[in-house]
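Trainee: Quick one: sequence plus predicted model below, questions after.
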Amino acid sequence: MSVSRIVFTSLNYVGWGALDNLLPEVERFSPKKILVVTDPALEKIGLVQRVTDPLAQRGYDVQLYTDVVPEPPLETGEKLVSFTREGKFDLIIGVGGGSAMDLAKLAAVLAVHEGKVADYLNLTGTKKVEKKGLPKILIPTTSGTGSEVTNISVLSLDTTKDVVTHDYLLADVAIVDPQLTVSVPPRVTAATGIDALTHAVEAYVSVNASPTSDGLALQAIRLIARSLRKAVENGADKQARIDMSNGSYLAGLAFFNAGVAGVHALAYPLGGQFHIAHGESNAVLLPYVMGYIRKSCTKRMADILNALGGNSSFLSEEEASYKCVEELERIVRDVGIPRTLGGFNIPESALESLTKDAVQQKRLLARSPLPLLEDDIRTIYQSAFRGVVTEPK
Ligand code: NAD
């Protein structure tokens, strides 16, 4: 018998219209000065004003910080943390995709610490997070990362990505309102949706999976499988957007507790070296990593096949696990994401440096049901380059 460590955020509002809960929640913190962290595109389309206008009308002192870029580099984090320390804010609100939310929670925590963000990185940092920091409310506008319920902030480095992680990075309040995702363009809907699917799939086969994370992960897969294609085809499809918000939220809770593994470990260097959006990096690798580790988790792959809408009843576990990999390939293809590394203009000559960087992601690789060593990682990148799923020899 093993014991699972399960952590959830303190308070979450999830559903169409959930944003109505913002004002009463802000009031609980009695803030004098609020910092809203968002990306400039959301200010341009008037989305972030749905958060800031009611606060300003209520008389709060609200400052908007829009110096956020997708897949934020370390320097962006350093700048925002300095700004937050100087600004003497007492509530941070992150509004946006994973990029804005990750920066918001990082700033909230490191505002009360000393040193640079680099000092707190998981792979190379020397300092530990010791204090909870400023209160934070996270409001996702994509259905993907689950950052609103996880304890990590991801930052892009020169050739890969790294994280700052501690339970103090968890939001005090998460507000997941699918209304805010209606304007997400199809390509971002596809990438972020496959990111959420990858969280759920990796959490379900993780060595740290538990009955709690299993339930969250399978329900996330069901919701995403039935609605992602619809949300990509028609962003105004209300039910599809609701399913995707719920799916990415549940997938976030699942992977925060069970962890993600090989797909993410191999995806980080694609983001770092080739600046490919996080969801697309996961998407292009998902079938190849799952195909490679298939034999180590056939029963779980059969369960995933059923959650994806397939039927394993008349199949052996082995057959169902093959079918599961095919279904994952199909959904990536259906939402229009390139199926090979070549589709992202990644040359074969880059596979060696990608391999060297992915090997460093020990925190992630440790959750894979099949241990992935350097040769395995190289083989998976080669199969993603050629477009052919391969298995260990
Ligand atoms: P993102 O935040 O970079 O946003 C992608 C694009 O979508 C941006 O151009 C943004 O302006 C646009 N956008 C966002 N919401 C929109 C809306 N409602 N309407 C129109 N456009 C909108 O993308 P993301 O995939 O949500 O986040 C990626 C980042 O999150 C990466 O840095 C990744 O590493 C990180 N991440 C974090 C976690 C975590 O648990 N903390 C998990 C997975 C990924």
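Mentor: Received it, and whenever you're ready, just let me know what you need. Residues are numbered from 1 along each chain as shown.

Trainee: Distance-wise, check the nearest residue in space to residue 168 that is not next to it in sequence relative to residue 7.
Mentor: Spatial nearest neighbour of residue 168, chain neighbours left out: residue 132 (4.8 Å); criterion: C-beta to C-beta, 6 or more residues apart in numbering. C-beta coordinates here come from the backbone N, C-alpha and C atoms, glycine included. Separation of residue 132 from residue 7 (C-beta to C-beta, to the nearest Å): 14 Å.

Trainee: Check residue 235 too.
Mentor: 33 Å.

Trainee: Next to the ligand in this structure, residues from the stretch 101-250 of the chain, please.
Mentor: Proximity of the stretch 101-250 of the chain to the ligand is confined to 102, 141-142, 144-147, 150, 152-154, 161, 180-181, 183-184, 188, 192, 195 under the rule C-beta under 6 Å from any ligand atom.

Trainee: List only buried entries from those.
Mentor: Buried members of those, scored by 16 or more other C-beta atoms under 10 Å, are 102, 141-142, 144-147, 150, 152-154, 161, 180-181, 184, 188, 192, 195.

Trainee: Can you tell me which residue is spatially central in the chain?
Mentor: Nearest to the mean C-alpha position of the chain, counting by C-alpha atoms, centre = their mean, stands residue 145 at 2.5 Å.

Trainee: neighbour-wise, which of residue 132 and residue 7 wins?
Mentor: For residue 132 versus residue 7, the count of surrounding residues by other C-beta atoms under 10 Å is larger for residue 132: 16 against 12.

Trainee: what about the more buried one, distance to the ligand?
Mentor: Distance of residue 132 to the ligand, computed by C-beta to the nearest ligand atom, to the nearest Å: 17 Å.

Trainee: likewise residue 380?
Mentor: Distance from residue 380 to the ligand, by C-beta to the nearest ligand atom: 20 Å.

Trainee: Is it correct that that residue is in contact with residue 266?
Mentor: Yes. Taking C-beta atoms under 8 Å as the definition, residue 380 is a contact partner of residue 266 at 6.2 Å.

Trainee: Overlap in contacts, the two.
Mentor: 285, 289 (C-beta atoms under 8 Å, 6 or more residues apart in numbering).

Trainee: What is the burial count for the nearest residue to residue 343 once chain neighbours are set aside?
Mentor: Excluding its sequence neighbours, the residue lying closest to residue 343 (C-beta to C-beta, 6+ apart) is residue 284, at 7.1 Å. By other C-beta under 10 Å, the residues close to residue 284 number 27.

Trainee: does residue 284 sit in a helix or strand, and which one?
Mentor: Using DSSP states H and E, residue 284 sits in helix 278-293.

Trainee: do the same with residue 227
Mentor: Using DSSP H and E, residue 227 falls within helix 211-233.

Trainee: What count of nearby residues applies to the closest residue to residue 274 other than its chain neighbours?
Mentor: If the residues on either side of it in the chain are set aside, residue 274 comes closest to residue 346, at 5.7 Å by C-beta to C-beta, 6+ apart. Each residue near residue 346 was counted by other C-beta under 10 Å, and the total is 21.

Trainee: does the residue nearest to the centre of the chain sit in a helix, a strand or a coil?
Mentor: Put simply, residue 145 is coil when judged by DSSP: H, G, I helix; E, B strand; the rest coil.
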